[in-house]
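1. Got a predicted structure here, sequence first:
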Amino acid sequence: MPMNIAIDGPVGAGKSSIADQVARRLNILHLDTGAMYRAVALHVLRSGVNPLDEKAVAACCEHADVCVRYVDGAQRTLLGEEDVTALIRTGEVSAAASAVSSWPAVRRRMVCMQREIAKHADMLIDGRDIGTNVLPEAPVKIYLTATPEERARRRYRQQVEKGEETPYEQVLAELNARDARDMSRATDPLRQAEDAVRIDSTDMTPEQVVEAIVRRVEEHYGRKA
């Protein structure tokens, strides 16, 4: 059986960057499921479909040829043969991804793909419903979070580094709205799995978070990273 590790948590908790570091320490692959939803969102936008139109998005999603490849251990996200890894990190795609990821048809398709990927390799998967829905039998589950204010500060700093001048107050408001959508949606809402270890990273360095997760994996699998 492959090693499967699930990391869930709200937007801005640092899941992707932490998961990358943990995966490198453990010498396993990291599947960023958020990138897959972003790729669907990019396809929807390019198709001229309103991300808020559930029926239109469901139909459009059927033609979204999303796949994941690994180059030197790093995930590359593709639409057909086009590498869209960098293109899916814009504010427009992020907003569209928030909308399309709430639709059941999109989630069903992505979850099937994610489960299939996890069957064939040691894998750390991060997202918002990994431990509760995608890999409910994963032996190691982490719920990574931080206060909304700290998560908004992190997101704000990231945007400033990209040259985006969104006011912090707006970033916080958008983050709180995203939390509300993720936690209240009818399909696969964000919640902590009952058997997940909760890590609040508000006052922790990234290195401390990585160490905490690696220790949990070592406790279960009996391996030293």
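-> Right, received. Where do you want to start?

2. Pull the contacting residues for residue 178.
-> Under the criterion of Cβ atoms under 8 Å, 6 or more residues apart in numbering, the contact list for residue 178 reads 10, 11, 98. Where C-beta positions appear, they are placed from N, C-alpha and C, glycine not excepted.

3. What subset of those residues is buried?
-> Burial by neighbour count, judged by 16 or more other Cβ atoms under 10 Å, picks out 10, 11, 98 from the contacts of residue 178.

4. from these, which is closest to residue 45?
-> Closest to residue 45 out of the buried ones among the contacts of residue 178 is residue 98 (12.7 Å), distances taken as Cβ to Cβ.

5. Dig out what the closest residue to residue 67 other than its chain neighbours forms beta bridges with.
-> Among residues not flanking residue 67 along the chain, residue 78 sits closest, at 5.1 Å (Cβ to Cβ, 6 or more residues apart in numbering). Beta bridges link residue 78 to residue 67, residue 83, judged by DSSP bridges.

6. OK, contacts around residue 78?
-> 39, 65, 66, 67, 68, 69, 84.

7. If we use 7 Å, what do you get?
-> The neighbours of residue 78, taking Cβ atoms under 7 Å, 6 or more residues apart in numbering as the test, are 67, 69, 84.

8. Quick one: residues in contact with stretch 57-76.
-> Counting by Cβ under 7 Å, 6+ apart, stretch 57-76 makes contact with 29-32, 35-36, 39-40, 43-44, 47, 49, 51, 77-80, 83, 85, 100, 103, 105-106, 109, 117, all of which sit outside it.

9. swap the cut-off to 6 Å and go again
-> Contacts made with stretch 57-76 from outside it, assessed by Cβ atoms under 6 Å, 6 or more residues apart in numbering, are listed as 29, 32, 36, 39-40, 43-44, 47, 49, 77-78, 80, 83, 85, 100, 103, 105-106, 109.

10. start to end distance for it?
-> From its first residue to its last, stretch 57-76 covers 23 Å (Cα to Cα, to the nearest Å).

11. buried sites along that stretch?
-> Counting neighbours by 16+ other Cβ under 10 Å, one finds that the buried residues in stretch 57-76 are 57, 58, 60, 61, 64, 66, 68, 75.

12. Let me know the helix or strand that the third one is in.
-> Following DSSP states H and E, one finds residue 60 within helix 54-61.
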